[in-house]
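S.K.: Next comes the sequence, and after it the predicted model I'd like to discuss.
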Amino acid sequence: MKKLIALFAVSTMASTSAIAGIALSGAASVSYDDNGSSPSSTSYDADLSFVGTAGGTTVTIGMDVDAGVVVTGVDMSTKIGPMTIAADMHNSTVATQNDDGDGDYRVDQDDTGVTVSLDAPIGDATVGLDNSGNVSVSGTFSGVTVAHTIKNGADKTTGSASIAGMDIAITNDAGDSTWSIGTTVSGVALTLNSGNDVTAAFGLTGNTMTISHFGADASASATAIQANGVYASDAKYSKAAAAAYTTVAISRSLTSGATLSATYKDSDDSLTLKAAVAF
């Protein structure tokens, strides 16, 4: 009997240790949208995140649980000496091949893969290699963070820095450049980007008001079919033009732990009420 009690005690301690290595977090919200002149609608969203840690190894699992249980991500990261190995084991792009005017890929994409980063004394730089053969070099130099990924015909470079109170980020992806600038002026947080999007957020009698203007987006033609009748892996459907619009949102944190917000959108004269909580 004493052996059984001792065995039960050890088993309990092992179970407690395993549970202690798992962190649970999540978020949930419910939104009511009057949709302007169209019929109103109510939508729901609930997500959970599980992070398991054992020594220097971490596994992260994300789930969308408001309409059944759908896995949204499975990632693992571990260290072997100076190397960090990260594996993305969930393909999150399987349901995006739709000709619905938003520029989806024509061909089924697979974003799973393994990335190996070497944290070796090469100045302040980190060198990485993924399973597609892409090589990346990143680091922070004199306060400027730079990352460059060498890919076949589509190199990508990103840079960010805080200069004179402004947060600046620049990206060049295969020759296509985008940028954003954020700063705070007299308590108003301002952001501006290369898409002519402007956002201003400021406190208002215990609430937060955010005014956003989104610039118009030009249309894009679909990728033409190749001579052999097969689409390239990066071929896309057409993208419809989008008119500019403005939103005004007011949010407030409640003593219950939830956040209540109201958002007006001028393009369809709609008002959305949303209650959300994160834990």
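M.R.: That came through fine.

S.K.: if I've got this straight, G128 is in a strand?
M.R.: Yes. Per DSSP: H, G, I helix; E, B strand; the rest coil, G128 lies within a strand segment.

S.K.: Residue numbering should commence at 29 henceforth.
M.R.: Sure, I'll start numbering at 29, so the last one becomes G156.

S.K.: Bridged to it, which residues?
M.R.: Per DSSP bridges, the residues bridged to G156 are S145, S164.

S.K.: quick one: it and A182, what's the gap?
M.R.: G156 sits at a distance of 17 Å from A182 (criterion: Cβ to Cβ, to the nearest Å). Every C-beta, even on glycine, is put in place using the N, C-alpha and C of the backbone.

S.K.: report the longest strand in the chain, please.
M.R.: For the chain, the longest strand by residue count, based on DSSP state E, is strand 69-82.

S.K.: Tell me, how many residues neighbour S68?
M.R.: 12 (other Cβ atoms under 10 Å).

S.K.: Same question for N126.
M.R.: Per other Cβ under 10 Å, the neighbour tally for N126 reads 10.

S.K.: Compare G156 and A182 and say which one has the larger neighbour count.
M.R.: For G156 versus A182, neighbours defined as other Cβ under 10 Å are more numerous around G156 (19 against 13).

S.K.: Please give me every residue in contact with the more buried one.
M.R.: 143-146, 163-166 (Cβ atoms under 8 Å, 6 or more residues apart in numbering).

S.K.: I'd like the next helix or strand past the longest strand of the chain.
M.R.: Tracing the chain past strand 69-82, the next element assigned as helix or strand by DSSP states H and E is strand 85-92.

S.K.: what's the angle between that following strand and strand 69-82?
M.R.: Orientation note: strand 85-92 sits at an angle of 170 degrees relative to strand 69-82 (axes from the mean of the first three to the mean of the last three Cα atoms, to 10 degrees).

S.K.: If we go by neighbour counts, what in strand 85-92 is buried?
M.R.: For strand 85-92, burial by neighbour count (16 or more other Cβ atoms under 10 Å) applies to 86-87, 89-91.

S.K.: Stretch 283-301 now?
M.R.: 286-287, 289, 291, 293, 298, 300.

S.K.: Format those as a markdown table; extra columns: secondary structure and pLDDT.
M.R.: Shown next, in a markdown table, are the buried residues of stretch 283-301 (DSSP: H, G, I helix; E, B strand; the rest coil; pLDDT from 0 to 100):
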| residue | secondary structure | pLDDT |
| --- | --- | --- |
| A286 | coil | 95 |
| T287 | strand | 96 |
| S289 | strand | 97 |
| T291 | strand | 97 |
| K293 | strand | 96 |
| S298 | strand | 96 |
| T300 | strand | 97 |
